[in-house]
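Chemist: Turn this into a structure:
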Amino acid sequence: MDVYQGAVAALVPFLVAERSYGYAAASGVVLAASLLSSVVQPLFGALTDRWALPWLIPLGAGAAGLGIALVGADAGYPATLAAVALSGLGVAAYHPAAARLVRTGLGDGHTAMSWFALGGNIGFACAPLLVVGALSVSGPAGWVLMALPAVAGVVLNRPPGARRRADSGAAGAAAVRGAPAAEDRRAFLRLSLVVVVRSVVFIGLSTFIALYVRERGGGAAAGAVALSALFAGSAGGTLLGGRLAARWGRVTAVRRAYAAAAPAVAGILFLPLPLAYGCAALAAAALYVPFSLQVTLGQDYLPARMGTASGVTLGLTVSVGGLASPLIGAAADAASLRTALLPLAVLPLLAWALARRLPEPEPAA
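Modeler: Numbers count the residues shown, from 1 in each chain. Okay, here's the model as predicted:
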């Protein structure tokens with residue numbers, strides 16, 4: 001259902017052009033999608049630690065798609081905020097339950113999680129194409145098309161029968177009971193700070209890169225290409241993360257990826273547009289190498305509370321950047337978009353510094 005997270009960012013240029021939103025107002029839409037999710041997602045994770053709740057997965061998928069489709073009603077700015085908030089709530093319900101199922105139900109933890117994250121990256125990469133294609137259809141029909149991936153998500157993720165549901169819950173509980181009891185809360189807190197920094201960089205880029213390309217002389221299509229390059233690079237980074245973790249270890253792979261992200265982000269801001277597209281893909285790849293690895297690290301730092309750990313790491317990943325986006329938008333309104341985006345080239349170095357002191361835990365599963 002990450003297609004709907006990407007769709008929020010992909011809608012920003014449309015909202016600026018068609019509804020005359022300023023940068024701050026448009027980034028407020030990203031904030032609305034993120035704010036509720038950032039608070040609620042860890043709570044959903046805690047619930048999945050106590051009970052098997054397979055119905056959260058299709059319910060979350062449906063709410064995510066419905067919220068984005070309701071943006072098309074154009075009932076005013078508050079209604080638009082409410083619609084994307086509903087979509088964010090759906091995302092919050094979906095991710096912890098799905099991530100916990102992946103970790104407890106499959107072996108080779110970070111490899112399985114990287115494939116799970118790849119599906120989300122593909123959704124992100126398809127989001128600009130979905131938005132452009134759907135909005136090329138005039139009237140409400142285009143917004144109805146936006147909901148089709150959610151319909152597929154609901155159908156494909158229907159809860160299993162009662163017996164399978166009980167077996168799944170028992171298996172999940174056994175996995176938790178068999179996990180090491182020791183927790184490393186200090187490492188988990190440091191990891192959470194790393195995730196926060198990464199979120200600000202990636203969500204800031206995904207919110208404003210299309211507008212930045214258009215500000216530099218590219219058209220609407222060029223902005224969509226830049227956003228697609230950003231999202232496509234994330235898919236490659238996710239798969240690369242599993243390979244690098246097997247070779248170097250998770251913490252080393254995370255640390256080196258953040259060191260590589262800083263010059264790539266700077267390239268987006270300062271190199272000519274054709275090269276900036278390549279830098280967008282490279283920056284996203286570097287920022288997504290740590291994505292699934294951070295989820296499994298969090299689960300191993302809190303081995304008896306995998307749902308909670310997933311809710312925090314995934315929730316912060318998709319949400320905290322949205323909280324910072326209005327600040328970037330306000331700075332862009334006051335100065336220029338390039339000036340507002342400059343800190344994003346420095347923040348990966350902060351994530352690198354924080355990640356240097358993360359321990360490499362023994363996998364819990």
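
Chemist: Contact partners for Ala182?
Modeler: Pro303 (CB atoms under 8 Å, 6 or more residues apart in numbering). In short, each C-beta sits where N, CA and C put it, glycine included.

Chemist: For it, give its distance to Val213.
Modeler: As for Ala182, its distance to Val213 is 48 Å (criterion: CB to CB, to the nearest Å).

Chemist: Equivalent analysis for Pro326, please.
Modeler: For Pro326 relative to Val213 (CB to CB), the value is 21 Å.

Chemist: So which of these two has more stuff around it?
Modeler: Val213 (26 against 20; other CB atoms under 10 Å).

Chemist: quick one: that one from Ala221, how far?
Modeler: Val213 is 10 Å from Ala221, by CB to CB.

Chemist: Go through stretch 267-280 and flag the buried ones.
Modeler: The neighbour-count criterion (16 or more other CB atoms under 10 Å) identifies Gly267, Ile268, Leu269, Ala276, Tyr277, Cys279, Ala280 as the buried residues of stretch 267-280.

Chemist: Same check on stretch 143-151?
Modeler: Trp143, Leu145, Met146, Ala147, Pro149, Ala150.

Chemist: Also stretch 201-212?
Modeler: Val201, Phe202, Ile203, Gly204, Leu205, Ser206, Thr207, Phe208, Ile209, Ala210, Leu211, Tyr212.

Chemist: Helix or strand next in line after the lowest-mean-pLDDT helix or strand in the chain, which one?
Modeler: Within the chain, no helix or strand scores below helix 162-178, which has a mean of 43 by mean pLDDT, DSSP states H and E. Reading on from helix 162-178 to the C-terminus, the next helix or strand found by DSSP states H and E is helix 185-215.

Chemist: Show me what that following helix is packed against.
Modeler: Packed against helix 185-215 by the contact rule (3 or more CB pairs under 8 Å, 6 or more residues apart in numbering; DSSP states H and E) you find helix 2-18, helix 23-50, helix 220-248, helix 250-270, helix 273-301, helix 306-334, helix 337-341, helix 347-355.

Chemist: These: which one's closest to Ala63?
Modeler: helix 2-18 (9.4 Å; CB to CB).
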